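[1] Kindly return the folded structure for what I paste below:
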Amino acid sequence: MVKYSKKTLDATFSALADPTRRAIMRRLANKQRTVTELAEPFDISLPAISKHLRVLEKAGLLVQEREGRIRHCRLSARPLQDASRWIDNYRCFWEESLDRLDEYLHELQLKEKKDASKKK
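    This next block holds a predicted model:
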């Protein structure tokens, strides 16, 4: 089993919990952008966007690079890979649980059919 840092996963999921930050990440999925470009579609102040960017950066989901006065942002996928692996562990659990439930329901149906045929 893969070991994950609780602190890293917590920061990743906390950063992804906000819809504005998820939208920022979607915009960065295609290419790197400046802070001003990232702020364009949002009806919030530039300082508020900067706060969102700091949260994403702290979680390791975003890298900012300065070029003079312009800050360029790009997506960093490593924390997303770790979160995906963590989720996959639970996906296996649920798939196995649903398979067992399906088998149980199938057995119940067979039993009901046998009981119904005995009554006739």
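[2] Any regions of the protein where pLDDT drops low?
    The model of the chain has pLDDT under 70 over residues 1-6, 120.
[3] Do you have the helices of it handy? List them.
    Listed from the start of the chain, the chain has helices (DSSP state H) covering 6-16, 19-30, 35-39, 46-58, 78-119.
[4] Would you tell me which of the ones you listed gets closest to Arg69?
    Taking CB to CB as the criterion, helix 35-39 is the member of these that comes nearest to Arg69, at 10.3 Å. From N, CA and C alone the C-beta is placed, and that goes for glycine too.
[5] From the chain's centroid, how far away is the closest one?
    Using CA atoms, centre = their mean, to the nearest Å, we find the averaged C-alpha position of helix 35-39 to lie 22 Å away from the chain's own average C-alpha position.
[6] helices and strands around that helix, which ones?
    Of the remaining helices and strands, those touching helix 35-39 by 3 or more CB pairs under 8 Å, 6 or more residues apart in numbering; DSSP states H and E are helix 19-30, helix 46-58, strand 70-75.
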